[in-house]
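Student: need a 3D model of the sequence below.
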Amino acid sequence: MRLFRQFVRTALVAAAATAVYGLSGGGQAHAAVVEKTPLLSPSFDGTVWAVAYSSDGGTVYVGGSFSKAIVNGKSIARSRLAAINTRTGALLDWAPVADNTVRALAVNGNSVYAAGDFSKVAGVKRDSLAELDATTGTVNAFSHEVSGTPVTLGVGSGRLYIGGKFSTIDTTKRTNLAAFSLATGELDAGWAPTTDDKVEALAVTSSRVYLGGSFHKTNGVSNALRLTAVDSVDGKLDKTFMPRPSAIVLALAVGPDGVYAGIGGQGGRAVAYTTAGKARWTRVFDGDVQAVTVLDGVAYVGGHYDKACTTSSNGAQGACTDGSVSRVKLAAIDDRGKLLDWAPQGNGVAGVRAMAANQALGQVVAGGEFTTIGGVTQKRIALFN
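Tutor: Okay, here's the model as predicted:
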């Protein structure tokens, strides 16, 4: 089935080759995209800030500020945490209760890690950070005190990485970044990079942890700003990757060719960088790019934009100055930087806040503040096959 869907997507892209941002020069199709109509799934009554797939891809976990899921018009209690079957779109029974907003999720094996503004999960005291059983929702023993708020999580190299705006973990100084052993849950004494301002996003590879945010220094190094990389084991700044984007980095994802960044500022940008920090391509929008994920060589980006600019120029309030095409809150870009014809057309002001992809399923999930996709009611979560 996965191969069949891939064949169909490739054929659809070929059929759209004459579109403004499809393929240039009559070349052959090279990018497959997910469907623009989402799988029928629950809606939520509040913002979805985080999404993460289970290890087997069968479940997508959802975190945010919602208190209810809506299924066939019926409200079902789900306090800031929920789970959806990725194949059927059904709301699952997994329902731990967080007492405040969940801003980030990450999965490792049978553990779901959550970070955010909460102080309790399922009635158990957990200061902004918790580990939950992926099957039952039970709160595991992992517990630390965080002096501030973590807003992003990543898993790799045997560690859980967290980023945000905080100053200590328990009684140990950690400036906006920290890591914990996945095996023991203990704070990693050897990984302690620092930034001078908030870390908004993390992306993890076997050797690097990419950092995105509003900071101007990494590990005390001036001009190591907004997008940097540190070693995944010892936290040392990798000075071979110093792209220095011009505005805040709100989202990151890694792919075979490097790292993808969602950038704010005047309008917004999606930029693909090589592992040496060189920009491979840039797409400009009339609003912030707040989420990014990669599937089959295609970068899917979400944000609070309504238009994709036809050039790299924009003006006051980010308005496109040299023409634009409609891409309301969601867009797709191929590996050469061409804007693809995929346009589900969300709505709202803030739009899309979080995205993730699952290679085995060939699926992309988007969460945020939208309430319709393509004019059809689908509130704050959408799964695209």
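Student: now do the helices in the stretch 1-150 of the chain.
Tutor: Secondary structure of the stretch 1-150 of the chain (DSSP state H, counting those that start in this stretch): helices located at 2-15.
Student: which SS class is residue 317?
Tutor: The three-state assignment at residue 317 reads helix, by DSSP: H, G, I helix; E, B strand; the rest coil.
Student: so for it, what's the pLDDT?
Tutor: Note on residue 317: pLDDT of 78.
Student: how about the contacts made by it?
Tutor: Remark: with contacts taken as CB atoms under 8 Å, 6 or more residues apart in numbering, residue 317 is in contact with 266, 267, 286. Quick note: C-beta positions are derived from backbone N, CA and C, even for glycine.
Student: where's the last one relative to residue 340, distance?
Tutor: In this structure, residue 286 lies at 18 Å from residue 340, with CB to CB, to the nearest Å as the measure.
Student: residue 287 - nearest residue in space that isn't next to it in sequence?
Tutor: If the residues on either side of it in the chain are set aside, residue 287 comes closest to residue 305, at 3.4 Å by CB to CB, 6 or more residues apart in numbering.
Student: what helix or strand does the one you found sit in?
Tutor: Remark: residue 305 resides in no helix or strand, with elements defined by DSSP states H and E.
Student: could you pull up the residues touching it?
Tutor: Residue 305 makes contact with 267, 268, 285, 286, 287, 288, 289, 318, 327, 328, 329, 351, according to CB under 8 Å, 6+ apart.
Student: what's next to stretch 183-190, contact-wise?
Tutor: So stretch 183-190 is in contact with 131, 141-144, 158-159, 169-170, 172, 174, 178-181, 233-235, going by CB under 8 Å, 6+ apart.
Student: need the distance between the two termini of it.
Tutor: Distance across stretch 183-190, first residue to last, is 15 Å (CA to CA, to the nearest Å).
Student: residues of it that come out buried?
Tutor: Along stretch 183-190, these residues count as buried under the neighbour rule (16 or more other CB atoms under 10 Å): 187, 188.
Student: repeat that for stretch 215-228.
Tutor: In terms of neighbour count (16+ other CB under 10 Å), stretch 215-228 has its buried residues at 215, 217, 218, 219, 224, 225, 226, 227, 228.
Student: quick check: the fifth one vs residue 181, distance?
Tutor: Spelled out, that is residue 224. Taken as CB to CB, the spacing of residue 224 relative to residue 181 amounts to 27 Å.
Student: if the closest residue in space to residue 290 that isn't next to it in sequence is in a bridge, with which residues?
Tutor: With CB to CB, 6+ apart as the criterion, residue 290 has its nearest non-adjacent residue at 4.4 Å, and that residue is residue 303. Applying DSSP bridges to residue 303 gives these bridge partners: residue 289.
Student: isn't residue 303 up against residue 292?
Tutor: No: taking contacts as CB atoms under 8 Å, residue 303 lies outside contact range of residue 292: 9.1 Å.
Student: the more surrounded of these two?
Tutor: A count of neighbours by other CB atoms under 10 Å puts residue 303 above the other of residue 303 and residue 292, at 33 against 29.
Student: identify the residues contacting the more buried one.
Tutor: Residues in contact with residue 303 (CB under 8 Å, 6+ apart) are 262, 268, 285, 287, 288, 289, 290, 291, 329, 351, 352.
Student: how about the third one: which residues does it bridge to?
Tutor: Residues found in beta-bridge contact with residue 285 (criterion: DSSP bridges) are residue 268, residue 308.
Student: what's the pLDDT at it?
Tutor: The pLDDT attached to residue 285 in the predicted structure is 97.
Student: count of neighbours near the nearest residue to residue 92 once chain neighbours are set aside?
Tutor: Once flanking residues are discounted, residue 92 sits nearest to residue 83: 4.2 Å by CB to CB, 6+ apart. By other CB under 10 Å, 25 other residues sit near residue 83.
Student: hang on, residue 83 packs against residue 96?
Tutor: No: contact criterion CB under 8 Å: residue 83 and residue 96 do not qualify, at 9.6 Å.
Student: neighbours around residue 95, how many?
Tutor: In terms of burial, residue 95 registers 16 neighbours under the definition other CB under 10 Å.
Student: what sits against it?
Tutor: Contact criterion CB under 8 Å, 6+ apart gives 77, 78, 79, 81, 82, 83, 137 as the residues in contact with residue 95.
Student: what's the answer for residue 118, then?
Tutor: By CB under 8 Å, 6+ apart, the residues touching residue 118 are 80, 98, 99, 100, 101, 102, 126, 128, 130.
Student: if I look at the last one, how far off is residue 353?
Tutor: Look at residue 130 and residue 353: by CB to CB, they are 20 Å apart.
Student: repeat that for the third one.
Tutor: Applying CB to CB, the value for residue 99 to residue 353 is 20 Å.
Student: so between the two, which is more surrounded?
Tutor: Higher neighbour count among residue 99 and residue 353: residue 353, with 25 against 15, using other CB under 10 Å.
Student: in what helix or strand does the more buried one lie?
Tutor: Following DSSP H and E, the helix or strand that holds residue 353 is strand 352-358.
Student: figure out how far that strand is from the centre of its chain.
Tutor: Once both centres are worked out by CA atoms, centre = their mean, to the nearest Å, strand 352-358 turns out to sit 5 Å from its chain's centre.
Student: can you list contacts of that strand?
Tutor: With CB under 8 Å, 6+ apart as the contact definition, strand 352-358 has outside contacts at 47-53, 57, 60, 86, 251, 290-295, 300-304, 329-330, 346, 363-370.
Student: quick one on the thing from earlier: tell me how far the residue nearest to residue 92 lies from residue 136.
Tutor: For residue 83, the distance to residue 136 under the criterion CB to CB works out to 11 Å.
Student: ditto for residue 72
Tutor: With distances defined as CB to CB, the gap from residue 72 to residue 136 amounts to 26 Å.
Student: so between these two, which is more surrounded?
Tutor: For the pair residue 72 and residue 136, the greater number of neighbours falls to residue 136 (11 against 6), based on other CB under 10 Å.
Student: list the buried residues for stretch 55-63?
Tutor: The neighbour-count criterion (16+ other CB under 10 Å) identifies 58, 59, 60, 61, 62, 63 as the buried residues of stretch 55-63.
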